[in-house]
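**Q** next comes the sequence, and after it the predicted model I'd like to discuss.
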Amino acid sequence: MQFSSSKTEKSVPGDEVILTASDLTMEFKGFVAVNKVNLSIRTGSIHALIGPNGAGKTTCFNLLTKFLTPTHGKIIFKGKDITTKSPADVARLKLVRSFQISSVFPNLTALENVRIALQRTRGDSFDFWRSQKIIAGFDDRARVLLAEVGLLQLEGVIAADLSYGRKRALEIATTLALDPEMLLLDEPMAGLGQEDVERIAALIKRVSVNRTILMVEHNLSVVASLSDCITVLARGGVLAEGDYATVSKNPSVVEAYIGAGHA
Ligand SMILES: Nc1ncnc2c1ncn2[C@@H]1O[C@H](COP(=O)(O)OP(=O)(O)OP(=O)(O)O)[C@@H](O)[C@H]1O
């Protein structure tokens, strides 16, 4: 494990909290994967969930994105109890999970992919498919989103022909189409080469302006450079929380990583 570099400059988020999880617990047939986790995510922050393999990060992420319903505990987003809401309900509240690259349509262009994502937010798929005029109406917004992720020049390229890093950027653009106030990213650096890691890290920082981001991420140097706050999970519980400098010095955190063979 490398706990070395520190966070680059970013405006410090305020004290306002956008999401809290209290006593969040997920039990699978007697096995407690997430155990009484408390989280408080500040509005405008980039918050990372880290921890060794099997720590409960993905389960926690799935609870927050509503792909799982907790056995116990409560999740409050913008003052509303979303504990039992569906992913579609929370997406309407602007809490949006990024989808994996597999959700990008490989045979459509970058522009068409973002356009379809925009169309989904309208929920009028039949009108959409019938009317070329309506389709074209989404293009301006789609181009703004493609520009935001640095893909405007490649709008006509078939998604399958984009590099892996650019597919990740396209996937983020389709997520931004849902106009999230809070974006949940599941291992955004997974599978990327170093050059793409840098590009996607810069992209995440850019899209974090005026948005809150929670990400599960294994790449600790990315976590160090992007995160305002880090929650370290181990064996389903919160082991430590704070900025990178604080958690990286915490002996229990170092031990948890070493114990899990991440040293
Ligand atoms: N559906 C399930 N049924 C039973 N056990 C599960 C289920 N999902 C996860 N677990 C268990 O819960 C624990 C936490 O898993 P989880 O995937 O959340 O950890 P993680 O921190 O994301 O790990 P990794 O970094 O390896 O992805 C693991 O022991 C896992 O085997």
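**A** Sure, I can see it. Residues are numbered from 1 along each chain as shown.
**Q** in the stretch 151-263 of the chain, which spans are helices?
**A** With DSSP state H, counting those that start in this stretch as the definition, the stretch 151-263 of the chain shows helices at residue ranges 164-176, 194-207, 220-226, 244-249, 251-259.
**Q** please see if stretch 95-112 touches the ligand.
**A** No: using Cβ under 6 Å from any ligand atom, no contact is recorded between stretch 95-112 and the ligand, whose separation bottoms out at 13.7 Å. All C-beta atoms are positioned from the backbone trio N, CA, C, and that covers glycine.
**Q** switch to numbering from 39
**A** Let's use 39 as the start, then, which means that last one is stretch 133-150.
**Q** related to what we said a few turns ago, would JSON lines of the helices of the stretch 189-301 of the chain with mean pLDDT, distance to the ligand and mean neighbour count be doable?
**A** Formatted as JSON lines, the helices of the stretch 189-301 of the chain follow (pLDDT from 0 to 100; distance: least, Cβ to the nearest ligand atom, whole Å; neighbours: other Cβ atoms under 10 Å):
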{"stretch": "helix 202-214", "mean pLDDT": "92", "distance to the ligand": "18", "mean neighbour count": "23"}
{"stretch": "helix 232-245", "mean pLDDT": "92", "distance to the ligand": "17", "mean neighbour count": "17"}
{"stretch": "helix 258-264", "mean pLDDT": "94", "distance to the ligand": "13", "mean neighbour count": "21"}
{"stretch": "helix 282-287", "mean pLDDT": "92", "distance to the ligand": "16", "mean neighbour count": "18"}
{"stretch": "helix 289-297", "mean pLDDT": "83", "distance to the ligand": "11", "mean neighbour count": "15"}
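**Q** CSV for those helices, including distance to V75?
**A** Below are the helices of the stretch 189-301 of the chain laid out as CSV (distance: least, Cβ to Cβ, whole Å):
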stretch, distance to V75
helix 202-214, 24
helix 232-245, 23
helix 258-264, 18
helix 282-287, 15
helix 289-297, 15
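**Q** what residues does the chain put near the ligand?
**A** By the criterion of Cβ under 6 Å from any ligand atom, the positions of the chain lying close to the ligand are 66, 69, 71, 89, 91-97.
**Q** what is the nearest of the residues you listed to L208?
**A** Each of the residues of the chain next to the ligand was scored against L208 by Cβ to Cβ, and T96 proved nearest at 22.9 Å.
**Q** name the nearest residue to that closest one, sequence neighbours excluded.
**A** Excluding its sequence neighbours, the residue lying closest to T96 (Cβ to Cβ, 6 or more residues apart in numbering) is V254, at 6.6 Å.
**Q** identify the residues contacting that neighbour.
**A** When contacts are counted by Cβ atoms under 8 Å, 6 or more residues apart in numbering, V254 touches 86-88, 95-96, 98-99, 223-225.
**Q** follow-up on the earlier one: of the residues of the chain next to the ligand, buried ones?
**A** Among the residues of the chain next to the ligand, the ones that count as buried by 16 or more other Cβ atoms under 10 Å are 71, 89, 93-97.
**Q** in strands, which of those appear?
**A** For those, membership in strands holds for A71, with DSSP state E as the criterion.
**Q** which of the buried ones among the residues of the chain next to the ligand sit farthest apart?
**A** Across those, no pair lies farther apart than A71 and G89, at 11.9 Å, counting by Cβ to Cβ.
**Q** next, the buried residues of stretch 99-106.
**A** Along stretch 99-106, the positions that meet the burial threshold by neighbour count (16+ other Cβ under 10 Å) are 99-104, 106.
**Q** could I get the CA-only coordinates of it as CSV?
**A** This file holds the C-alpha atoms of stretch 99-106, laid out as CSV (Å, rounded to 0.1, in the frame of the first residue of the first chain):
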residue,chain,number,x,y,z
PHE,A,99,-22.3,1.5,-2.3
ASN,A,100,-25.2,-0.7,-3.3
LEU,A,101,-27.1,0.3,-0.2
LEU,A,102,-26.6,4.0,-0.9
THR,A,103,-27.6,3.7,-4.5
LYS,A,104,-30.6,1.6,-3.5
PHE,A,105,-29.7,-1.5,-5.4
LEU,A,106,-29.9,-3.2,-2.0
